[in-house]
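**Q** Predicted model follows, preceded by the sequence.
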Amino acid sequence: MKIDDEFCEELIKAHESADDCVAPHLVVEWFESVLGLLFPEFSRRDFASREQIIAYTEELKHELIQLMVCGKGGMEDESEDIADHFCATLSTVRKTLLKDVDAIFQGDPAARSKDEVIRTYPGFYAMAAHRMAHVLYERDVPLIPRIISEYAHSKTGIDIHPGAVIGEHFCIDHGTGIVIGETTQVGDHVKIYQGVTLGAMSVKKSDASVKRHPTIEDGVVIYAGASILGGETVIGANSVIGGNVWLTESVPAGSTIYYTAKMSHGEGESDTIIYKP
């Protein structure tokens, strides 16, 4: 086998100039260790005393510090404070995830137990990854939140950007193909089905810091295949969005959206929302 010398030089330079970034598999191993601490269903060890839990939490804290300071552009100055903050949020993260478990269990007649939800439901795993990644995202930790979210995406088929703000009692049913964008805001007691997209309209790169994704208020149900797009789009509380609906504008609280239709008129075409207020 002959490899071109110029191509070899190109690869050598690429390897020499690449940032010495944290290895994704180390982040995944750390995340799953934290998940095992919070939920024994995922743990490879048993904890029988307060001292064991404290010692293991301290171990995970130091692992997080090492992940943050790895490579060029590390976070040496802030890493310990961020790691302390992360560990301090673990109690809240667990309580919030237990509320998600309850929402999934109550919302799915096929669920036989909460233990089944924790052990087998992709929606729980995706939310566990998201809620941990979001804590780090809020502290401007680079790469690690995205590695966690993309790993969960590859494992569950559910793509949630770590920047999305998601309230309590969040229920994902089935889950495959769900996409939730970075600036999405979701209220409490929201339920979404497979194939739902909470996304952005086509925007310029310069608009990266602008709210690009929709707001979903409390108590909304979004059925399979619906797409809700745009940073100014607000779905009012307790609304029901039907399957395969395409929405790029707000709807009032308590609406039931059956479908959207293209309507022709003298100035061209526009979307008309068919709904029952």
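**A** That came in fine, so what should we check first?
**Q** all contacts plus neighbour counts: C-alpha atoms, from now on.
**A** Fine.
**Q** What's the local residue count around the spatially closest residue to residue 38 that is not a sequence neighbour?
**A** Closest residue to residue 38 in three dimensions, ignoring its sequence neighbours and counting by Cα to Cα, 6 or more residues apart in numbering: residue 94, at 6.3 Å. The tally of other residues near residue 94 (other Cα atoms under 10 Å) stands at 18.
**Q** With residue 76 instead?
**A** Neighbours of residue 76 (other Cα under 10 Å): 13.
**Q** That one against residue 69, yeah?
**A** Yes - using Cα atoms under 8 Å, residue 76 is in contact with residue 69, at 5.4 Å.
**Q** re the thing from before, which element is the residue nearest to residue 38 on?
**A** Using DSSP states H and E, residue 94 maps to helix 79-107.
**Q** residue contacts, the most centrally placed residue in the chain?
**A** With distances taken as Cα atoms, centre = their mean, residue 160 lies nearest the centre of the chain, 2.9 Å away. Counting by Cα atoms under 8 Å, 6 or more residues apart in numbering, residue 160 makes contact with 126, 130, 149, 153, 178, 179, 180, 181, 182.
**Q** And residue 208, how close does it get to residue 20?
**A** Going from residue 208 to residue 20 by Cα to Cα, to the nearest Å gives 26 Å.
**Q** Report how many residues lie close to residue 209.
**A** Counted with other Cα under 10 Å, residue 209 comes out at 9.
**Q** Also residue 18?
**A** 10.
**Q** going forward can the numbers begin at 22, since that is how I track them
**A** Yes, from this point I'll number from 22; that puts the last item at residue 39.
**Q** Look at it and report its pLDDT.
**A** If you check residue 39, the pLDDT there is 75.
**Q** Would you mind measuring the gap between the ends of stretch 262-275?
**A** Terminal-residue distance, stretch 262-275 (Cα to Cα): 10 Å.
**Q** what does that stretch contact?
**A** With contact meaning Cα under 8 Å, 6+ apart, stretch 262-275 is reached by 241-251, 253-261, 277-281, 294, 298.
**Q** Sort out which of those are buried, if you could.
**A** Those of the contacts of stretch 262-275 that meet the buried threshold are 241-251, 254-261, 277-281, 294, by 16 or more other Cα atoms under 10 Å.
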